[in-house]
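Peer 1: Below is the structure, and that's it, no one-letter string:
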């Protein structure tokens, strides 16, 4: 029995190593968001205000949205790693899939910034955000083991925002971003439930 317990303990992965990797991935992904913006050498002549509005308005809005969303998940991810200093192979693998979904953010952000009025592109972007939120909520569920509901609710909240936002994107893509911005409320929700004296112990 002791040998089995020792084997299980030796099989645990220190999440501090994953934290170092995730810092790099989030940093690179959030920086690459700006690379989807038009560069100065792409302009043949000095742009007018109208040209700048046409080139940047939608793309900057998409960049800000994606940056805010990535920031929310970065904060949630680090809170979860602090809550779970060690984990088994399955949880580590699921964390790697979560980080893969973060790596892909510049790709879908670039598409959404350029074609945000396309329902197909907006839905793809929304599904990507929902997948990230779903993986994050799943990881929180595994970390808290449903014993601390107040820790899991803020992770579930973005899923409840991105799903209806994606449905809005299918019929009115120009309004979907306003729904998706509500995901920022996960941070406020965390502060609310954390300060609730009636929370689970």
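Peer 2: Looks like it arrived, so ask away. Note that the structure is a prediction, hence the values are computed from the model and not measured. Numbering: from 1, shown residues only.
Peer 1: Residue 88: how many residues sit nearby?
Peer 2: 12 (other CB atoms under 10 Å). Any C-beta I mention is one placed from the backbone N, CA and C, and that applies to glycine too.
Peer 1: for this structure, which spans come out with low pLDDT?
Peer 2: 1-10, 37-45, 47-58, 146-149, 186-201 (pLDDT under 70).
Peer 1: where exactly do the strands run in it?
Peer 2: 13-14, 86-87 (DSSP state E).
Peer 1: Need the winner for burial among those.
Peer 2: Mean neighbour count (mean count of other CB atoms under 10 Å) peaks for strand 86-87 among those, with a mean of 16.
Peer 1: want to throw the strands of the chain into JSON lines with distance to residue 61?
Peer 2: Shown next, in JSON lines, are the strands of the chain (distance: least, CB to CB, whole Å):
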{"stretch": "strand 13-14", "distance to residue 61": "39"}
{"stretch": "strand 86-87", "distance to residue 61": "37"}
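Peer 1: Wait, residue 141 touches residue 159, no?
Peer 2: No: applying CB atoms under 8 Å as the test, residue 141 and residue 159 come out as separate, 11.4 Å apart.
Peer 1: Quick one: closest of the strands of the chain to residue 152.
Peer 2: Residue 152 lies closest, by CB to CB, to one member of the strands of the chain: strand 86-87, at 16.4 Å.
Peer 1: What strands line up against the closest one, and which way round?
Peer 2: strand 13-14 (antiparallel) (DSSP bridges).
Peer 1: okay, now residue 33: neighbour count?
Peer 2: Number of residues near residue 33 (other CB under 10 Å) recorded here: 21.
Peer 1: give the contact list for it.
Peer 2: Residues counted as contacts of residue 33 (CB atoms under 8 Å, 6 or more residues apart in numbering) are 63, 66, 67, 70, 105, 106, 109.
Peer 1: Out of the residues you listed, which comes closest to residue 23?
Peer 2: Within the contacts of residue 33, proximity to residue 23 (CB to CB) peaks at residue 70, which comes in at 12.5 Å.
Peer 1: how many other residues sit next to residue 119?
Peer 2: Per other CB under 10 Å, the neighbour tally for residue 119 reads 16.
Peer 1: how far does the longest helix anywhere in the chain sit from the chain's center?
Peer 2: Scanning the chain for the longest helix, with DSSP state H as the assignment, gives helix 49-83. From the chain centre to the centre of helix 49-83 is a distance of 10 Å (CA atoms, centre = their mean, to the nearest Å).
Peer 1: can you pull the buried residues of that helix?
Peer 2: In terms of neighbour count (16 or more other CB atoms under 10 Å), helix 49-83 has its buried residues at 58-59, 62-63, 65-67, 69-70, 72-74, 76-77, 79-81.
Peer 1: what's the answer for stretch 124-143, then?
Peer 2: For stretch 124-143, a neighbour-count test (16+ other CB under 10 Å) marks 124-126, 128-140, 142-143 as buried.
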